[in-house]
Each structure stands twice: as C-alpha cells, then as structure tokens.
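Peer 1: Have a look; sequence and predicted model below, questions after that.
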Amino acid sequence: MGLPNQRSDQKIDTLVDLFSASVASEKRDLLNYKRDGAWRQISARSLAEHVRAVSMGLYALGVRAGERVGLLSENRPEWTIADLGVLNCGAADVPIYATHAVKQVAYILGDAGLEVLFISSQAQYERVLEALNSAPKLRTIIAFDPIKADDERIISFDELLRRGRAADEAEPCVYETLRRGVRPGDLATLIYTSGTTGEPKGVMLTHRNLVSNVLDSSHALPLQEGDAVLSFLPLSHVFERMVFYLYLCHRVTIYYAEGIEAVAQNLAEVRPHFMTSVPRMFEKIYAKTIERAEKGGKVKAGIAHWAVGVAKRWAAVENRGGHVGWWLDLKRRLALKLVFSKWRAGLGGRLRYLVSGGAPLPPELAHVFYGAGIPILQGYGLTESSPVIAVNTPEANRLNSVGQPIPNVLVRIAEDGEVLCSGPNVMLGYYNKPEATAEALELDRDGRIWLHTGDVGHVDADGFLFITDRKKDLIKTSGGKYIAPQPIENAIKRSRFVNQVVVIGDHRKFPAALIVPQMEMLENYAALKGIAYTDPAELLTHPKIIDLIERQVDKFTPDLAHFEKVKAVALVGHEFTIEGGELTPTLKVKRRVVEEKYQTLIDRLYAEREERYAMR
C-alpha cells in the first residue's frame, strides 16, 4: 500500500522516511493549537525545523541511537515535536500517560531505565515528583512549560532547541547521518500497556511495525488532503499516535483538542471532517443528545425517540443488504431533517465518518449513528499489534463487527476461540519480560509468528471479525458456566437510566451488576412517582429505584440464558474514572480494580440477594 502523493521512487521503511514524506511540501496550517483563546498554526516547514533542533539537542545531551527517552505530557504540539525529534535521532521514546498514577510513572521510569524525560508543566512535575526522585538513572528533565524548582536536572524546551541549533551549526552533517542510520527493525517506541490486570508491560514496537500499520491502514480512513481533523485521544496511546502519523502523511489540517472537557466546543470551532474516538465518548454524545430532547418536553422527546427507532430499523435493514422500502426510507428522511441534522450540526456539520477503537462499540450506538448519517467505522487492535488488526471501511462497514483484517495481516481463531494475528505489525515482545513474551507470541511450523490477543471472537463467511469478549474477563460461575460480560453490559447500557455498568459474578452462584445510574433521570422518575428524598444519594438504595433498575435490566436482556441473567444490582454514586483508577486511559474498565474497590458493597449485595434469587 502507498500513501497520497508518494513518489514512485520514494521508499517508506521507517518513521523517519514517513516524516520526510509528510513535510516534503509546504503546508502552512499542518498543526493547529489553541492558546490565549485563539487558534495558532505550525507549518510543515516550521515542524521540520523544530524536529531537527530537538534531534540535535538530544544528541548534544548525549542521547545516542537505540537509547530511550521518556515523554510525559498531555496532547500538545510539543508532544509531536518531541516524539519525531527522538525518532529522527535514532533513539526510541517511551510515552507515559499524563493521567498515570505516581506509582505507575515510577515503575515505567525504572523499568525502562530512562535517563532523559520530556515533561509538560509545573503541575505535572509536582504531581509526579516522588516518582522523578525515585528514578535511579534520570539525569535530565526537559520542560515544555517553565518550571520553578530547585532541580538541577531541569532544562527548558527552548534551551533544548537552542542547544540543538548550536550543535547543528557546529556539525551540520550529523542530523542526516543520524537519520540515515535508522533501520526498519530498530526499536521506535516502548509503550507500556495501561494494564486492566497486573503491572504494565513495555511493548517493544519497531519502525517496521508502525510504518506497516500506517501504510496498511491508510486505505480504510477516508481522508483527503485539506480535510480538518480533531485529535483528542491521548497520543501516549498507540491508536491515536498511529492515526496521527496517518494525518501527517495525508497532509490534513490537524487540530489538537484542548481536552476532553472542551471537545464539544472544539468540534463547533474546528468543524472536522473526521475524528477517532472510543465508545465511551460516543455514549456520552448520545446520552447528552437524548437528555436535551427529554428536557424539551414530551413532544420533542417523543420525536427524538421516534427518530432513533427509525434510524435503528433503517440501519438494520440497510446494513444486511435488505430492501428498505419506500415507507421506512421516507420516515428516515424525515428523521434526518427533524432530528439528525441537529446532531450533525452539534458535531461540527462536516463529519463524514467517525472511527471507534479501544473497546467494543455497543451495537445500539453503531445502528443509531449509521442511521443518523454519521457512520462509525469500528476497528480492532492492540498495542502489541501497532495497533490495527482489522477495521471496517466506508465500502465495507458491517455493523457489530470490527471489520476485515487489513492488508498483510492474517487472523485465525484458536480452538478455544481466542483471536490470533500475524503480520509485520506484531511487536518484538515485552521489554524485560521473556516469559510474558513467550506466552504472547507463538512460532508456527512455517516460521510465522502469531500474537495471542487474549480476545475471544469469530470470523464470518465474508471475513468480518467479531469480538465477543476478553478471555480474562470471562466470568465462571460456581456452577461452572462461562459468561461473557461485555455483551450483557452493552445491552444494559441501552437503558436511559444507566450511565455505566460492570457485570460481576466470578465464582458466584449468579451474575450481578454494579451500575452507575443517570442521576438526573432517576430524579425525574422520583418526581414523577412521588418518591420522597432529601439527598439524591438516598435514591441509590431506595427499594422503588432498585426495582426500576432491575426491571430495566430485565427489559434490555430478554434473550439471555438463565445462567447469564443478572439477578441482583447495586447502584454506585460515583462515575468510574481514570483518576479513580477504575478506567484505563482509553476508558476501558479495570474489572479487578472495580471489584477490589467495591468488595464490601459486592459482598453485601450477594448476602442480601442470594436467598431471594437462588430459585429464580
């Protein structure tokens, strides 16, 4: 596969080659960021100059090919410049999530043996100071923003650029020599998995791994030169980072979102043509839209729910290749005009497609957005696969699947249902963890390496991959029955009264659920039914509210086998969050953390409900 505007004689084997192709022609508004309330631009030429200065600055600091440099920052242009600067001097970077707990930061600094670290700000420095002081080898901290501290290790980003330009002037041939020395098999990055279970593992990805994934995924993303894109997922995560490289190659206009809390405002300002996200963001967009309709009165709410129903029915027929019929088509056109045109306007008005990754997309959301004329292309991959394994495309978008494998990537299903993949995107292994590497990578008789993904799934007759759950997430009841929790959770989340849900029940007699409710909906219901309370927290344990949620759970999971049915629920008053430790930076639930954090509540739930539901 090739890239747009790539010359026939131009080889792209490394991320250095990819970067050269991206800045080969001038583009004035390649990178865009907001400062002091105004959007500012960085041109392709300016990006190339800054990357060169960072590379030479690192060289002046003693960083050499093959060494590792840390990067602890929120998304911002300096993140991209530092990343590309590290790669172009032949070193490998180690991105660290800006939301990682101090203990995790300390672990990564020590395990990776980092001597040089980029850091974003005074607040970030102070937050992780304990980790920085415990890092045995850390000798230089490069600060994007000024940091006031009595720490001899700190130099400013501007100082690094100054040293780099001085070194470049003194030895003008070094930069190109460093770049020419980079080989496809060299380590490009060491990415520590966020770890839904156990301690983080450093995934070793080479230039070949990432470049192959960029090239082989490029056909799936409907990007055109001149498009605007909004980037807000953490660049520390391999999904957004790989997509960002694709953005550079397609020479689109890239906007850095100010943060997750500012996405709605940034969407209105940027009016992007394309955006990647995780299912949790789409859930929030959908929930907010329905909530606004509910506040508009019975008529407006009724029209919104009617439109959603039409969208789902139209999507189901259209996606399976059936005949929509004139009546359903007419209703869908009316729904587009009355309701979904406003949805599109709220997302900027120019979105052609959205891409979802990082976690399973609830089927209802896939159908609603597809029917609303805003298709979500769901994909699948892991950090260990650089990351894309499969993805739906505009031409082949099968709802509920994660698409077909991308070119040059093979997928097969093991006897126990686990998804295995092989291709140039598969990692070298886990840093400092030979046993974990041996468990994850399998060499077959033909010399092909297969990655054990840890996910359970199947492939249909047309080659579309369907993921049903994580092997480690499967719940085994005390009766020996296996339950896949994610499909049950996605079904329960269809209720307008449910915000988040985690199904539990490993080694228990039956499954139960911890549910974070939509509190505003509960309060509206309480007012409607005359349920008295003085504090909203009282609703979480009120018998009539518990009865409501249990009926909602039964309503949205009618087709489950008896042993799969959720037979007890407990309501949780606080959202599961990254800061609280219950979610990974890509918003996947850390089941072990949730169960440990709410162990007392879970034990009480089972103790109170076990007798009542034992014969159900």
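Peer 2: Thanks, I have the structure now.

Peer 1: Let me see the ranges of the helices in the stretch 201-350 of the chain.
Peer 2: Per DSSP state H, counting those that start in this stretch, the stretch 201-350 of the chain has helices spanning 207-217, 238-250, 263-270, 279-295, 298-319, 326-335, 341-346. These are given in chain order.

Peer 1: so where's this protein uncertain?
Peer 2: Across the chain, the ranges flagged by pLDDT under 70 are 1-10, 194-198, 610-616.

Peer 1: make it 80
Peer 2: 1-10, 194-199, 222, 358-359, 478-480, 482, 585-587, 609-616 (pLDDT under 80).

Peer 1: Quick one: name whatever helix or strand follows the longest strand along it.
Peer 2: Taking DSSP state E as the assignment, the strand of the chain that covers the most residues is strand 449-459. Proceeding N to C from strand 449-459, the next assigned helix or strand is strand 465-470, under DSSP states H and E.

Peer 1: so what does that following strand touch, helix or strand wise?
Peer 2: Helices and strands touching strand 465-470, by 3 or more Cβ pairs under 8 Å, 6 or more residues apart in numbering; DSSP states H and E, are strand 449-459, helix 485-492. For every residue, glycine as well, the C-beta is placed using N, CA and C.

Peer 1: neighbouring contacts of the longest one?
Peer 2: Applying Cβ atoms under 8 Å, 6 or more residues apart in numbering, the external contacts of strand 449-459 come out as 380, 382, 384-385, 389, 411-414, 416-422, 426-427, 439-444, 465-472, 474, 484.

Peer 1: could you check the angle strand 465-470 makes with it?
Peer 2: 100 degrees (axes from the mean of the first three to the mean of the last three Cα atoms, to 10 degrees).

Peer 1: Roughly how far does the residue nearest to S212 when sequence neighbours are not counted sit from R292?
Peer 2: For S212, the nearest residue in space outside its immediate sequence neighbours is P424; the separation is 3.9 Å by Cβ to Cβ, 6 or more residues apart in numbering. Look at P424 and R292: by Cβ to Cβ, to the nearest Å, they are 46 Å apart.

Peer 1: The two: which is more packed in?
Peer 2: Set side by side, P424 and R292 show more neighbours around P424, with 17 against 14, by other Cβ atoms under 10 Å.

Peer 1: What distance do you get for G373 to L71?
Peer 2: Where L71 is concerned, G373 sits at a distance of 38 Å (Cβ to Cβ).

Peer 1: and if you look at I546?
Peer 2: Distance, I546 to L71, using Cβ to Cβ: 46 Å.

Peer 1: Have a look at these two and say which one is more surrounded.
Peer 2: The neighbour comparison of I546 against L71 (other Cβ under 10 Å) goes to L71, with 24 against 17.

Peer 1: Now do the same contact list for the more buried one.
Peer 2: With Cβ under 8 Å, 6+ apart as the criterion, the residues that contact L71 are W79, A82, D83, V86, D93, V94, P95, I96, L117, F118, S236.

Peer 1: same question, R271
Peer 2: For R271, the contacting residues are A228, G348, G349, R350, by Cβ under 8 Å, 6+ apart.

Peer 1: Just the buried ones out of these, please.
Peer 2: A228, G348 (16 or more other Cβ atoms under 10 Å).

Peer 1: so of the contacts of R271, which ones are in strands?
Peer 2: Among these, the members that lie in strands (by DSSP E) are A228.

Peer 1: From L235, how far out is Y256?
Peer 2: From Y256 across to L235, the span is 9 Å (Cβ to Cβ).

Peer 1: again with Y33
Peer 2: When distance is defined by Cβ to Cβ, Y33 is 13 Å away from L235.

Peer 1: how long is stretch 564-574 from one end to the other?
Peer 2: Taking Cα to Cα, to the nearest Å, stretch 564-574 runs 26 Å from one end to the other.

Peer 1: repeat for stretch 349-362
Peer 2: When the termini of stretch 349-362 are compared using Cα to Cα, they are 24 Å apart.

Peer 1: Return the set of buried residues in that stretch.
Peer 2: L351, Y353, L354, V355, S356, G357, G358, A359, P360, L361, P362.

Peer 1: what about the strands in the stretch 501-616 of the chain?
Peer 2: Ranges of strands within the stretch 501-616 of the chain are 512-517, 569-571, based on DSSP state E, counting those that start in this stretch.

Peer 1: a markdown table for those strands, including mean neighbour count and distance to D111?
Peer 2: What follows is those, written out as a markdown table (neighbours: other Cβ atoms under 10 Å; distance: least, Cβ to Cβ, whole Å):
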| stretch | mean neighbour count | distance to D111 |
| --- | --- | --- |
| strand 512-517 | 23 | 32 |
| strand 569-571 | 22 | 37 |
